[in-house]
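Asker: fold the following and give me the result.
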Amino acid sequence: MAVGSVIGENISGASRREFLKQSAWVAGMGVWVATEPRARALEQQSPNERVNVACIGLGGKGDSDSDQASMHANIVAICDVDGGALRSKAGKDVNRRYPFQKSRQFSDFRKMFDEVGKSIDAVTVSIPDHMHAAATMMAMKMGKAVYTQKPLTHDVWEARQLRLAAREHNVVTQMGNQGTAGSKFREGVEVIRAGLLGDVREVHVWTNRPIWPQAPELMTRPPGEPVPDDLKWITWLGTAPVRGYNRGYHPNHWRGFWDFGTGAIGDMGCHLINLPFMALNLGHPSAVTAEAGDVNNETYQSWARIAYEFPARGAMPPVKVVWYEGKRDGKLVLPPPELIEKTLADYGEAQAPDHKKDQRAKRPDLPSGGAIVVGDKGVLYSPHDYGGAWTLLPGDAYRDYKAPPQTLPRNKNDSDEGMKIEWIDAIKGGRPPMSNFDYAGMLTEMVLLANVAVKHNGKRLEWDGPNMKFPNAPEAEQLLRREYRAPWAL
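Answerer: Sure, this is the predicted structure:
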């Protein structure tokens, strides 16, 4: 019987949730399986066929995450520690439907699961990094599908646990690094895997982050302030040690603090590194080395250069991935100038009509974030945070470019909303989401190793990924996992 016809029956209560859970058998496997298309689009389905979703976190990215989920699912509960965010969301008009008016409202997701957990099929998690794992794990243990914002977790150890739990509980998962939904992103993966660049031995990725307060301007704990009446501050702190409230933490600037955020690479690494990580079949690096400025115990550093070393993968040679962030002496930390100049010159030429040098376009500026994937036959240059736009260089070498055979599925919707559709599709028995936790957990582990390396500034840390050990620096292993504040546990 087709998935659509089963869901079309009046399935309710435990039997409906069990069906939705069982239909997700492909989740977390790290592969993409071709399935027959469903007869009707999500928008044409009746309310009984729509997944029941609870949204944890409604401000910032949580606003768009919950809005997009509401276009394709029933929102049965909304949760935020900020009463203002709850009220605002409850009255929000999305496509003239006010989908949140009848949603149950909570300020603590633990209470939400206790009271309405039986009516929830899936959960979006769009809260500060330090609480991602706690909310996500609780949902998965209850058999709920989960969509969790990037980075998947605050700590390396947490990312491993969520990846393993997704397999154990056989639930549909997706991390919110939305560029993964794009057709151009997926074509870029296919280009590199097909060998159009030749052997790739170096990748350079940069960002203009941080764009929030942290070192060098902020390196000590801000003073305590009165807690706003609408804010459940201790609940917001969650797993983190107790400290006084300051408007610098909530709602916008928590990313720069070690206790709450994951810094510049946590914010943008799962976007910018995503394309080369997937295309080059990267997994555990063999070593990571950080150079950073103004390292302190309160906020993230002012700048950093993180070098990851990866071993050969099958026929693919060893590769170094270098990450650049922040400003040093007032200047952005960037890839080598000669690499930038050649890339931008080639890019400008490639944009000219017919690639004619006498019609060379003006040399473009370097974007605020991007990636340069260097092969021995050519370069893939992506001036896009999400890998959603890229050019093969030099232009003359790829003038007759034809896309390689398609090996990855495509979404009808390439946007952030497309990730929600892909996730909800999978809950109903479709193919697994591309950024499921089996993949996203590994990407997050790699990204967050940078923050361990920063605390051992200048030391090359050898990494035994499968066993989560630093053979030459066992003292660094304590930074792989935080101690949660009681009563929180994973």
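
Asker: show the average pLDDT along stretch 465-479.
Answerer: In this model, stretch 465-479 has a mean pLDDT of 98.

Asker: same check, this time on stretch 336-349
Answerer: Across stretch 336-349, the average pLDDT comes to 95.

Asker: alpha carbons only: can I get it in PDB?
Answerer: These are the backbone C-alpha positions of stretch 336-349, laid out as PDB (Å, rounded to 0.1, in the frame of the first residue of the first chain):
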ATOM      1  CA  PRO A 336      47.200  33.500   0.800                       C
ATOM      2  CA  PRO A 337      47.100  36.700  -1.300                       C
ATOM      3  CA  GLU A 338      48.500  35.100  -4.400                       C
ATOM      4  CA  LEU A 339      45.700  32.500  -4.300                       C
ATOM      5  CA  ILE A 340      43.000  35.100  -3.900                       C
ATOM      6  CA  GLU A 341      44.400  37.300  -6.700                       C
ATOM      7  CA  LYS A 342      44.700  34.500  -9.200                       C
ATOM      8  CA  THR A 343      41.200  33.200  -8.300                       C
ATOM      9  CA  LEU A 344      39.600  36.600  -8.600                       C
ATOM     10  CA  ALA A 345      41.400  37.400 -11.800                       C
ATOM     11  CA  ASP A 346      40.300  34.100 -13.300                       C
ATOM     12  CA  TYR A 347      36.800  34.600 -12.000                       C
ATOM     13  CA  GLY A 348      36.600  38.100 -13.600                       C
ATOM     14  CA  GLU A 349      37.700  36.700 -16.900                       C
END
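
Asker: any weak-confidence spans in the stretch 51-200 of the chain?
Answerer: Scanning the stretch 51-200 of the chain for pLDDT under 70 picks out 96.

Asker: what about the strands in it?
Answerer: In the stretch 51-200 of the chain, strands defined by DSSP state E, counting those that start in this stretch lie at 52-56, 74-79, 104-106, 122-125, 145-149, 173-176, 200-207, listed in chain order.

Asker: now the angle from the second one to strand 52-56?
Answerer: Read that as strand 74-79. 20 degrees (axes from the mean of the first three to the mean of the last three Cα atoms, to 10 degrees).

Asker: paired strands for strand 74-79, with orientation please.
Answerer: Sheet pairing of strand 74-79 (DSSP bridges) gives strand 52-56 (parallel), strand 104-106 (parallel).

Asker: who touches the top strand by length along the chain?
Answerer: If you go by DSSP state E, the chain has its longest strand at strand 319-328. Contact with strand 319-328 is made by 200-207, 209-210, 263-265, 268-269, 273, 276-277, 280, 282, 285, 293, 301-310, 332-335, 450, as judged by Cβ atoms under 8 Å, 6 or more residues apart in numbering. The way it works is simple: take the backbone N, C-alpha and C, and place the C-beta from them, glycine included.

Asker: TSV for the strands paired with strand 74-79, including distance to Gly375?
Answerer: What follows is those, written out as TSV (distance: least, Cβ to Cβ, whole Å):
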stretch	distance to Gly375
strand 52-56	42
strand 104-106	50
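
Asker: nearest to Gln214, out of those?
Answerer: strand 52-56 (25.6 Å; Cβ to Cβ).

Asker: hang on, the earlier thing: need the buried ones from the contacts of strand 319-328 selected in PyMOL.
Answerer: This is how PyMOL selects the buried members of the contacts of strand 319-328, with burial counted by 16 or more other Cβ atoms under 10 Å:
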select buried, resi 200+203+204+205+206+207+209+210+263+264+265+268+269+273+276+277+280+282+285+293+301+302+303+304+305+306+307+308+309+310+333+334+335+450
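
Asker: inside strands: which ones of the contacts of strand 319-328?
Answerer: 200-207, 293, 303-310, 332.

Asker: what ranges do the helices span in this structure?
Answerer: Under the criterion DSSP state H, the chain contains helices at 3-8, 13-22, 61-70, 83-90, 109-116, 132-141, 156-169, 183-193, 233-237, 263-272, 274-279, 337-351, 416-427, 437-454.

Asker: tabulate the ones you listed (TSV), appending distance to Gly244.
Answerer: Output for the helices of the chain, formatted as TSV (distance: least, Cβ to Cβ, whole Å):
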stretch	distance to Gly244
helix 3-8	49
helix 13-22	41
helix 61-70	24
helix 83-90	20
helix 109-116	23
helix 132-141	22
helix 156-169	25
helix 183-193	42
helix 233-237	9
helix 263-272	22
helix 274-279	37
helix 337-351	44
helix 416-427	35
helix 437-454	24
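
Asker: wait, which of those is closest to Ser103?
Answerer: helix 83-90 (6.9 Å).

Asker: what residues of the closest one count as buried?
Answerer: Applying 16+ other Cβ under 10 Å to helix 83-90 flags 85-86, 89 as buried.

Asker: please name the nearest non-neighbouring residue to Gly418.
Answerer: Closest residue to Gly418 apart from its sequence neighbours, by Cβ to Cβ, 6 or more residues apart in numbering: Ala181 at 3.9 Å.
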